[in-house]
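J.: okay, predicted coordinates and the sequence, questions at the end:
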Amino acid sequence: MDLVKNRKILLVDDEPLLLEMVETILRKDGFYRIATSATFTEAMEAIKCTMPDIAILDVMLPDGDGFSLLREIKKLSDIPVLFLTARGEAEDKIVGLGLGADDYVVKPFLPKELTLRLNAILKRTYSSIHQVSLPSFKLPNCDVDLAKAEVIKDGQVFPLTAKEHAILSILYDNANKVVTTDMLCQSAWGNDSYGYNNTLMVHIRRIREKIEAKPSTPISLITVKGLGYKLVIEGRR
Amino acid sequence: MKLFRTHSKSMGITIRFTFTVILIAFLMVMINYIFLIFFTRYNLSQQEPTKTVKAIARELSHNNGRLTVLTEEIINRNNLWVQLVNPAGDVIYNSRNKPKDIESHYSLSSIAKLSKNYLNDYPVFVWESNKNLVILGYPKNSIIKYNWSFYSESFPRIFLWIIFLNIIAAIVLFIFLGRRLTNPIKRLIDGIFSLKQEQEVFLKEKGIYKDLADSINKTSIAMVEKNNEIRQRDNAIKNWIAGISHDVRTPLSMILGYSAVIEEDSVLSEEVRSQAKIITENAIRLRELVSNLNLATSLQYDMQPLELSIVRLGSIAREAAASCINSSIVENCKIKIMIEDENAAALMDKKLFERALLNLIMNSVKHNKADCIILVIVPKLNNKSESVSIIIADDGYGISEEKKNHLNQKDFFKPTINQTHGLGLIIVKSIVAAHHGEMVIKSKKGKGTAVIIRLPKAN
């Protein structure tokens, strides 16, 4: 049973057709407790009555704007809020002013873009601490447990150092994608300097020794010449 | 700071003006002095009696102490008179019309007096004639005799003092009276400088510069009106584009949302789903276009806030290349990266600038055949260079000379917005301009294209 799909959603948008469409998209994604309102006042009513778990707000409403609605909502409860915005300039407000919105999606959007973010916010907000703990994953030659910071290869346990853990984490977050050396240095040393490049190479070699069968011919942690590194994980995009 | 500079500029002009006025006044005084000295010393009216008395003296000595009838006639006609005095002081000859109040004997002291001044108010001139003395008398008040005498050494010093005192007097007078002259000019100068900085100006239209002040005022009004017009037009364009992009977004949301829903509906036939996919793809293209149009406009009208930080070009180049590879845009092409200078850095909005680089790389991909090589280069520049650069090059088809010149034009919107280019290059140009950089496209037909972006260096 997916608990996330049980959450109550409040949709606020002045465009009834868009409201209908978003509702369709959410239902297709498995949500079924959806309330909709087209105005500021309706939305306030709905919040008081149904006590939703998350609100999806449009910035432009006929009797007010999404930002003041957000402020009102935050006075009543601490539910997460996702903005749907058609205006480019609103993006700055949402991000820059720190109004307490959890995320935003710019219209027009692909259904996937909306549902991914919605699910992510709900997971982040309502999942217990154990569930958000660091992942563990399988590589062809070993098992990596980032929560315990260890690698199990051929029944042997190799602990990861703090730097190795940081590097492996960001590679895992961007699995099957090229991560530039600059980004890796930034995440491991928090410093934008190419001077750490050689140190990074040393750490990469040590990680390979732990996760690869043949560290000199890696199959999981691949060098992308001139750019950075890539962690190959089968079946993940 | 600006105000100060304007002030010092107008001060400079006022000082130069003052200096010129003083110089003119001084020169006028000098010219007058020279004329006065010339007239008093070498005046013709003084030269004439001297000549006459000389001629008479010569005639008297040649003619045995008598005047010829002709000379006597001329003397009479001009109301002159002549006396000849011997060394003892006795008059030995009188012309006929000698006034009655003239003596017939002169003492040494009276001779000394009359030689320098007047004889009973008659201006007289003397000359030597065979040890005797000739006195030539003119009618009363006909000639003013004026004697100059200076100590010969002190004369130049006195002259310098006069010049010096003149200059002092000119400066003092100018300080007290010159304001009347320079103040209106200073106001005009300040007005013109304000105009230069596009500030509104209003000058009082009075005094000798009335017409000038009027012209400046009218220019100011015209300038303000033009600026208002431009501002209004800019606002209209901004609102228009913002409005269009807003009004396009909502219907586009519907198209995109439902087409994606249809596309993923497994109940529907494969054909319908693939058609929906085409709708989705095109809606996404439209979405890109709208957001690009918005970005280009907001960059053009300085509406886009830049989040500036110092970024190494090597880092941003790798970032751009990596996102191209990750989003599999460059699947058909090879992307190579050459960082010759890892320290080259510039102040930039990282997201925006990466977008510019991505646009350029995508352009290379779009316009060239598969397996073309795209190079991202950060060249090593001279240490003294004030700029850093990044080059996106490919070995593809290249572009024609004509098109290249067209694309290199300064005005962003001049390069035509057509199907093949879209807004990509305009966006890149706007972003580079927002970073106070410049962009040059170099290309040869069949030899590939290179886009060079130069940015001000950051340390």
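T.: Cool, the structure landed.

J.: for the rest of this, base every contact and every neighbour count on C-alpha atoms.
T.: Noted.

J.: tell me the secondary structure for the closest residue to chain A within the stretch 201-350 of chain B?
T.: Relative to chain A, the nearest point of the stretch 201-350 of chain B is B:S253 (4.0 Å; CA to the nearest CA). State at B:S253, reduced to three classes by DSSP: H, G, I helix; E, B strand; the rest coil: helix.

J.: for A:K214, same thing?
T.: Under three-state DSSP, A:K214 comes out as coil.

J.: which ones are touching the nearest residue to the residue of the stretch 201-350 of chain B closest to chain A once chain neighbours are set aside?
T.: In this structure, B:S253 finds its nearest non-sequential neighbour in A:P108, 4.0 Å apart by CA to CA, 6 or more residues apart in numbering or on different chains. With contact set as CA atoms under 8 Å, 6 or more residues apart in numbering or on different chains, A:P108 has these partners: A:86, B:249-250, B:252-254, B:256-257, B:287.

J.: which parts of stretch B:231-248 are buried?
T.: B:238, B:241-242, B:245-246, B:248 (16 or more other CA atoms under 10 Å in any protein chain shown).

J.: between those residues, which is closest to B:S61?
T.: B:K238 (110.9 Å; CA to CA).

J.: would you verify that the closest one is located in a strand?
T.: No - note on B:K238: no strand contains this position according to three-state DSSP, which reports helix.

J.: show me what contacts it?
T.: B:K238 is in contact with B:297-298, B:301, counting by CA under 8 Å, 6+ apart.

J.: can you list the residues that contact the strand or helix carrying B:A393?
T.: For B:A393, the host element (DSSP states H and E) is strand B:387-394. In this structure, residues lying in contact with strand B:387-394 by CA under 8 Å, 6+ apart are B:313, B:344-346, B:357, B:360-361, B:364, B:372-379, B:381, B:448-457.

J.: parallel or antiparallel, list what pairs with it.
T.: When pairs are called by DSSP bridges, strand B:387-394 turns out to pair with strand B:373-378 (antiparallel), strand B:448-456 (antiparallel).

J.: now that strand: how far from the chain's centre is it?
T.: Distance of strand B:387-394 from its chain centroid, counting by CA atoms, centre = their mean, to the nearest Å, is 37 Å.

J.: likewise stretch A:203-222?
T.: Distance, stretch centre to chain centre, for stretch A:203-222: 28 Å (CA atoms, centre = their mean).

J.: for that stretch, output the C-alpha coordinates as PDB.
T.: C-alpha atoms of stretch A:203-222 as PDB (Å, rounded to 0.1, in the frame of the first residue of the first chain):
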ATOM      1  CA  HIS A 203      40.300   9.100  -3.900                       C
ATOM      2  CA  ILE A 204      38.700   7.800  -7.100                       C
ATOM      3  CA  ARG A 205      41.500   5.100  -7.300                       C
ATOM      4  CA  ARG A 206      40.800   4.100  -3.700                       C
ATOM      5  CA  ILE A 207      37.100   3.800  -4.400                       C
ATOM      6  CA  ARG A 208      37.800   1.700  -7.400                       C
ATOM      7  CA  GLU A 209      40.000  -0.600  -5.300                       C
ATOM      8  CA  LYS A 210      36.900  -1.100  -3.100                       C
ATOM      9  CA  ILE A 211      34.100  -1.500  -5.700                       C
ATOM     10  CA  GLU A 212      35.800  -2.800  -8.800                       C
ATOM     11  CA  ALA A 213      37.000  -6.400  -9.500                       C
ATOM     12  CA  LYS A 214      39.800  -5.000 -11.600                       C
ATOM     13  CA  PRO A 215      40.500  -1.400 -10.500                       C
ATOM     14  CA  SER A 216      42.700  -0.700 -13.500                       C
ATOM     15  CA  THR A 217      39.900  -1.600 -15.900                       C
ATOM     16  CA  PRO A 218      36.800  -0.200 -14.100                       C
ATOM     17  CA  ILE A 219      33.300  -1.100 -15.200                       C
ATOM     18  CA  SER A 220      31.300   0.800 -12.600                       C
ATOM     19  CA  LEU A 221      33.200   4.000 -11.900                       C
ATOM     20  CA  ILE A 222      34.100   5.100 -15.400                       C
END
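
J.: distance of B:I185 relative to B:L195?
T.: From B:I185 across to B:L195, the span is 15 Å (CA to CA, to the nearest Å).

J.: thought A:L70 was touching A:L82?
T.: No - judged on CA atoms under 8 Å, A:L70 makes no contact with A:L82 at a distance of 9.6 Å.

J.: picking up where we left off before, as CSV, the buried residues of stretch B:231-248 with secondary structure would be great.
T.: Shown next, in CSV, are the buried residues of stretch B:231-248 (three-state DSSP):
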residue, secondary structure
B:K238, helix
B:I241, helix
B:A242, helix
B:S245, helix
B:H246, helix
B:V248, helix
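
J.: from these, which two are the most distant?
T.: Longest span within the buried residues of stretch B:231-248, CA to CA: B:K238 and B:V248, 15.2 Å.

J.: got the residues of chain B near chain A?
T.: Counting by CA under 8 Å from any CA of the partner chain, chain B comes close to chain A at B:242, B:246, B:249-250, B:252-254, B:256-258, B:260-261, B:287, B:294, B:315, B:318-319, B:321-323, B:325-326, B:336-338, B:342.

J.: and the closest residue to A:L171 other than its chain neighbours, what pLDDT?
T.: In space, A:L171 comes closest to A:L231 once its chain neighbours are excluded; the distance is 5.7 Å by CA to CA, 6+ apart. In this model, A:L231 is scored at 91, pLDDT.

J.: with the one 5 residues further on instead?
T.: The predicted local distance difference test score for A:R236 is 65.

J.: one more: B:V378?
T.: In this prediction B:V378 is given a pLDDT of 92.

J.: okay, now the unreliable bits of chain A?
T.: A:1-2, A:87-99, A:128-133, A:191-194, A:236-237 (pLDDT under 70).

J.: which parts of it are strands?
T.: Secondary structure of chain A (DSSP state E): strands at A:9-12, A:34-37, A:54-58, A:60-61, A:64-65, A:81-85, A:103-106, A:136-139, A:142-145, A:150-153, A:156-159, A:178-180, A:221-224, A:228-231.

J.: give me the sheet partners of the second one and which way each runs.
T.: Strand A:34-37 has its sheet partners listed here by DSSP bridges as strand A:9-12 (parallel).

J.: what do you get for the fifth one?
T.: For strand A:64-65, the pairing partners within the sheet under DSSP bridges are strand A:60-61 (antiparallel).

J.: what's the strand it pairs with in contact with?
T.: Outside strand A:60-61, the residues that touch it by CA under 8 Å, 6+ apart are A:13-14, A:38-40, A:66, A:85.

J.: how is the chain carved up into domains?
T.: Since no chain was named, I'll use chain A. A:3-126, A:136-231 (automatic domain parsing).

J.: if you could check chain B rather than the one you did, that'd help
T.: B:2-42+B:152-192, B:44-137, B:308-456.

J.: for residue 139, give me its contacts.
T.: Let's take chain A. A:211, A:220, A:233-234.

J.: try again with chain B
T.: Contacts of B:P139 by CA under 8 Å, 6+ apart are B:79-80, B:122-123.

J.: surely B:I279 is in contact with B:S259?
T.: Yes - assessed by CA under 8 Å, B:I279 is found in contact with B:S259 at 6.3 Å.

J.: among those two, which residue is more densely surrounded?
T.: Just comparing B:I279 and B:S259: by other CA atoms under 10 Å in any protein chain shown the higher neighbour count belongs to B:S259, 23 against 18.
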